[in-house]
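J.: 3D, please:
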Amino acid sequence: MRAPGKKRVIAVTGASSFLGSNLIGLLEEDERIGRIVAIDIQPVTTAAQKTRSYEVDLAQPSTEARLSEILAAERVDTFVHLAFLSSPSHATAWAHELESVGTMHALVAARHAQVRKLVVTSSTLLYGAHPSNPNFLSENHPLRADREENFFADKMAAEAQATRFAKGAPGSIVTTLRMAPVVGPTVKNFVTRYFARKIVPTMMGFDPLVQFLHEIDAIAALKLAVDRDVPGVFNIVGDGVLPLSTVIKLAGRVSLPIPHPIAESLTALGWLAQIALAPPIFLKYLRFLCVADGAKAKTKMGFVPAYTTREALVDFASAQRLRDVRLLQENA
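T.: Numbering: from 1, shown residues only. Okay, the predicted model is just below:
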């Protein structure tokens with residue numbers, strides 16, 4: 001237990017990422033936070049007086065000892081682990097070392113330093129897109145994304161490690177946030193790049209429901225998990241769902257339906273050539289349902305999204321239209 005009135009010390013891995021840098025900006029303004037320990041290989045643009053930065057590469061074998069030393073010396077009470085990729089990578093070996101092995105190093109270090117609280121991010125995409133999925137997937141639903149795809153396998157391994165950490169550290173608080181695909185005016189990932197295209201390829205004969213999480217709500221959920229002791233796994237999603245066809249229209253884009261066998265071949269070639277946004281396994285999400293139920297986060301965490309799925313998409317689309325206009329003006 002923290003002593004009454006004692007200011008908290010928060011460590012953040014992936015501190016220079018979109019979520020990390022924005023969370024640190026909020027923590028800098030919180031009078032209850034005494035110190036922020038930023039851990040990354042890149043500088044954090046939002047770091048100010050409270051932040052102490054450490055250059056640590058989670059993909060290196062010496063990470064565990066170095067992290068243990070930092071967490072203990074800084075007397076960290078809450079460890080926010082955000083060192084995860086927001087898009088698939090061709091550098092699969094490095095991604096595995098960062099996410100799966102890096103998470104193992106981070107959690108062993110947290111255990112050695114007797115960190116009281118752990119917050120980890122994950123993704124609702126790990127439920128997998130399947131024709132047998134219910135309309136809304138609860139946190140009790142098994143993770144059925146294809147484990148042959150490294151982007152999924154590494155994140156599922158990291159989640160499993162967080163679960164084992166909770167079981168092996170009685171009295172600790174472990175919160176896992178499974179976030180829906182994040183969109184907004186400033187965030188960049190393979191989902192926002194997909195909807196930024198003028199012509200958006202879709203699967204002929206399929207129009208699945210999709211859901212999003214606004215970037216502001218993603219950051220707010222992280223801050224809420226830091227502020228409140230809420231152990232468990234939580235789906236963090238925007239209210240409501242939209243058919244993919246409606247999403248494309250709202251984004252001001254044009255749909256290009258392609259038979260999925262042809263799309264799989266083209267995407268496989270594109271991924272090998274490093275011009276596709278994701279491997280062909282992701283085409284399942286353009287065919288089948290994969291939307292999560294956010295009720296538990298509302299009742300147990302007190303998380304209420306400020307943006308619905310539609311509002312998040314419209315905010316993203318408005319910012320994208322401004323970028324399109326600027327691009328046209330620059331090329332005129």
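J.: Just the element for the residue nearest to residue 103 when sequence neighbours are not counted, please.
T.: With sequence-adjacent residues excluded and distances taken as CB to CB, 6 or more residues apart in numbering, residue 103 is closest to residue 158, at 4.0 Å. From N, CA and C alone the C-beta is placed, and that goes for glycine too. Using DSSP states H and E, residue 158 sits within helix 150-168.
J.: That helix packs against which elements?
T.: Judged by 3 or more CB pairs under 8 Å, 6 or more residues apart in numbering; DSSP states H and E, the packing partners of helix 150-168 are helix 92-96, helix 102-112, strand 117-123, strand 173-179.
J.: Buried deepest among the ones you listed, which one?
T.: Across the helices and strands packed on helix 150-168, the average number of neighbours (mean count of other CB atoms under 10 Å) peaks for strand 117-123, which reaches a mean of 24.
J.: so the residue nearest to residue 103 makes contact with residue 106?
T.: No. Shown here, residue 158 and residue 106 do not form a contact pair, counting by CB atoms under 8 Å, at 9.2 Å.
J.: which residues of the stretch 51-200 of the chain score low on pLDDT?
T.: The stretch 51-200 of the chain contains no residues with pLDDT under 70.
J.: residues near the closest residue to residue 86 other than its chain neighbours, how many?
T.: Spatial nearest neighbour of residue 86, excluding adjacent residues (CB to CB, 6+ apart): residue 189 at 4.1 Å. Residue 189: 16 surrounding residues under other CB atoms under 10 Å.
J.: Next up, the contacts around residue 189.
T.: 86, 87, 181, 182 (CB atoms under 8 Å, 6 or more residues apart in numbering).
J.: By neighbour count, sort out the buried ones in the residues you listed.
T.: Buried members of the contacts of residue 189, scored by 16 or more other CB atoms under 10 Å, are 86, 181, 182.
J.: Verify the stated contact: the last one with residue 215.
T.: What it means is residue 182. Yes. The criterion here is CB under 8 Å, and residue 182 meets it with residue 215 at 5.5 Å.
J.: Show me what counts as buried in stretch 220-227.
T.: 220, 221, 222, 223, 224, 225, 226.
J.: any shared contact partners between residue 182 and residue 215?
T.: residue 18.
J.: will you turn the buried ones among the contacts of residue 189 into JSON lines that also has distance to residue 311?
T.: Listed next are the buried ones among the contacts of residue 189 as JSON lines, based on distance: CB to CB, whole Å:
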{"residue": "86", "distance to residue 311": "21"}
{"residue": "181", "distance to residue 311": "15"}
{"residue": "182", "distance to residue 311": "14"}
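J.: which one among those gets closest to residue 313?
T.: Ranked by distance to residue 313 (CB to CB), the buried ones among the contacts of residue 189 are led by residue 181 at 10.3 Å.
J.: What distance do you get for the closest one to residue 210?
T.: Noted for residue 181: a distance of 8 Å to residue 210, by CB to CB, to the nearest Å.
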